[in-house]
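Asks: Below: sequence and its predicted model.
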Amino acid sequence: MPGRLKIDRGIPSQLDRVADVARAHEQAGYDGCWTGEINHDPFLPLTLAAEHTTSLELGTSIAVAFARNPMTVANVGWDLQTYSRGRFILGLGAQVQAHIEKRFGMPWSRPVARMAEFVAALHAIWSCWHTGERLSFEGEFYTHKLMTPMFTPEPSQHPIPKVFIAAVGAAMTELTGAVADGLLVHAFTTRRYLEEITEPALTRGLQRSGRSRSEFEVSSPVFVVTGRDDAEMTAAASAFRKQIAFYGSTPAYWKVLDLHGWGDLQPELRRLSLAGQWDAMADVVDDEVLSAFAVVAPIDSVGAVLAQRCSGVIDRVLPGFPAGTPEPVIAAVLDEVRATCQRTPVAQHGD
């Protein structure tokens, strides 16, 4: 990675808002912008963002890999990379079994092995289109052996898209280090988890691929609890306690809580969520838990605290400010992040 911390923002999924927001983000000096796959397609907004910007990196965080197949993803990735003139990042995630099978109607099995094969198939398809070599990919989950000139896209002058993978557990994280260009960290992650679980797993994966940590990017959202007075701080803390509690109720994220000795919170949060007791869930998230998952500081010092949270473990950050925070306030905080990083450069990663 470059030594400079990259600062990213999200862009809306509503297509009529994308152009204005993407232009504004580029003019404000952000490095990249991301879409998510929630209630809209994650790729369509990036087409508009590409049209109305020239330097902003454009990524999906995430597109659900197993809701699709490698050929369909290869096509859209190729087109977005070409149209954006090399600025597209394909961020993929596995999702969970219930969504893949019951929402998308697609098969689910062995997500780490399936993701490894998905990425390998993508590279085989893109290599075929770049070089003209025969497509001959046959794996356990995906087979792609037919490609004629009619179905081959026009040549591209740009490299294949970077592929980032979302991971929480050590096995998927190690795979990401082995086969991807970057890691998409879940918002429900602490700095301690990054240092003690994520980085060692990444190192193992990078060693498998013969690469150094400096050739890889870790992209992470970070909750930012801040305000200009006590009332705003309290309101922001309340909102993020609810979000942290929601994530904490998910069994897949128990391991993050357990690392801190808070494993008993997960079944309690799960019980409350099933009972619909959302306010009570937020009450379970005390100040110690909140500070582990979020940067908590007044507006005049939160930039420096955010920079410190990222230093040495996060290469590009997507700060999550309280709803309604004015853009000039956000801009001032992020200017302080940049200034702090210049005064105390982001720690360089070793091999």
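Replies: That came through fine.
Asks: List the contacts of residue 252.
Replies: Contact analysis of residue 252 by CB atoms under 8 Å, 6 or more residues apart in numbering lists 96, 168-169. C-beta: built from backbone N, CA, C; applies to glycine.
Asks: And for residue 320?
Replies: Residues in contact with residue 320 (CB under 8 Å, 6+ apart) are 187, 221-224.
Asks: secondary structure element for the residue lying closest to residue 58 once chain neighbours are set aside?
Replies: Of all residues not flanking residue 58 in the chain, residue 46 sits nearest, at 4.7 Å (CB to CB, 6 or more residues apart in numbering). If you go by DSSP states H and E, residue 46 is part of helix 44-51.
Asks: In terms of secondary structure, what does that helix contact?
Replies: Helix 44-51 sits against helix 15-27, strand 32-35, strand 57-60, helix 70-83, with contacts defined as 3 or more CB pairs under 8 Å, 6 or more residues apart in numbering; DSSP states H and E.
Asks: ok, back up a step: for the residue nearest to residue 58, the count of nearby residues, please.
Replies: Neighbour count of residue 46, defined by other CB atoms under 10 Å: 27.
Asks: I'd assumed residue 60 was in contact with it.
Replies: Yes - between residue 46 and residue 60 there is a contact under CB atoms under 8 Å: 7.1 Å.
Asks: Helix, strand, or coil at residue 164?
Replies: Judged by DSSP: H, G, I helix; E, B strand; the rest coil, the three-state class of residue 164 is strand.
Asks: Find residues that contact each of residue 46 and residue 60.
Replies: Common neighbours of residue 46 and residue 60 (CB under 8 Å, 6+ apart) are residue 35.
Asks: what does the longest helix belonging to the chain rub up against?
Replies: Ordering each helix of the chain by length in residues (DSSP state H) puts helix 111-131 first. The contact list for helix 111-131 (CB under 8 Å, 6+ apart) reads 65-66, 70-71, 73-74, 77-78, 90, 92, 94, 133-137, 139-142, 144, 147, 152-153, 155-156, 160, 163, 165, 171-172, 175, 178-180.
Asks: sorry, back to before: how about the helix holding residue 46: buried residues?
Replies: Applying a neighbour-count criterion of 16 or more other CB atoms under 10 Å, one finds 45-50 buried in helix 44-51.
Asks: Need the residues you listed in CSV (columns: pLDDT).
Replies: Below are the buried residues of helix 44-51 laid out as CSV (pLDDT from 0 to 100):
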residue, pLDDT
45, 98
46, 98
47, 98
48, 98
49, 98
50, 98
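Asks: Closest one of those to residue 107?
Replies: Comparing the buried residues of helix 44-51 against residue 107 with CB to CB places residue 46 closest, at 26.9 Å.
Asks: With distance to residue 271 as extra columns, can I get the buried residues of helix 44-51 in a markdown table?
Replies: Compiled in a markdown table, those are given as follows (distance: CB to CB, whole Å):
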| residue | distance to residue 271 |
| --- | --- |
| 45 | 37 |
| 46 | 39 |
| 47 | 43 |
| 48 | 43 |
| 49 | 41 |
| 50 | 45 |
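Asks: Output stretch 183-202 in CSV with nothing but the alpha carbons.
Replies: Extracted in CSV, the C-alpha atoms of stretch 183-202 (Å, rounded to 0.1, in the frame of the first residue of the first chain):
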residue,chain,number,x,y,z
LEU,A,183,-9.7,-6.8,2.4
LEU,A,184,-13.0,-5.3,3.1
VAL,A,185,-13.3,-5.1,6.9
HIS,A,186,-16.7,-5.4,8.5
ALA,A,187,-17.9,-2.4,10.5
PHE,A,188,-18.3,-4.7,13.5
THR,A,189,-14.5,-4.9,14.1
THR,A,190,-12.2,-3.5,16.7
ARG,A,191,-8.6,-2.5,16.4
ARG,A,192,-7.6,-5.3,18.7
TYR,A,193,-9.3,-7.8,16.5
LEU,A,194,-7.5,-6.3,13.5
GLU,A,195,-4.2,-6.6,15.2
GLU,A,196,-4.6,-10.1,16.8
ILE,A,197,-6.8,-12.0,14.3
THR,A,198,-6.9,-10.2,11.0
GLU,A,199,-3.3,-9.2,10.4
PRO,A,200,-1.8,-12.6,11.3
ALA,A,201,-4.3,-14.3,9.0
LEU,A,202,-3.6,-11.8,6.2
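Asks: Now that stretch: buried residues?
Replies: Applying 16+ other CB under 10 Å to stretch 183-202 flags 183-191, 193-194, 197-199, 201-202 as buried.
Asks: These in helices, which ones?
Replies: Per DSSP H, these map to helices at 191, 193, 199, 201-202.
Asks: what packs against the lengthiest strand in the chain?
Replies: The single longest strand within the chain, with elements called by DSSP state E, is strand 217-225. Contact here means 3+ CB pairs under 8 Å, 6+ apart; on that basis strand 217-225 packs against strand 182-185, helix 230-248, strand 294-296, helix 302-310, strand 316-320.
Asks: now with 6 Å?
Replies: Counting by 3 or more CB pairs under 6 Å, 6 or more residues apart in numbering; DSSP states H and E, the packing neighbours recorded for strand 217-225 are strand 182-185, helix 230-248, strand 294-296, strand 316-320.
Asks: Okay, angle between the last one and helix 230-248 too, please.
Replies: Between the direction of strand 316-320 and that of helix 230-248, the angle (axes from the mean of the first three to the mean of the last three CA atoms, to 10 degrees) works out to 120 degrees.
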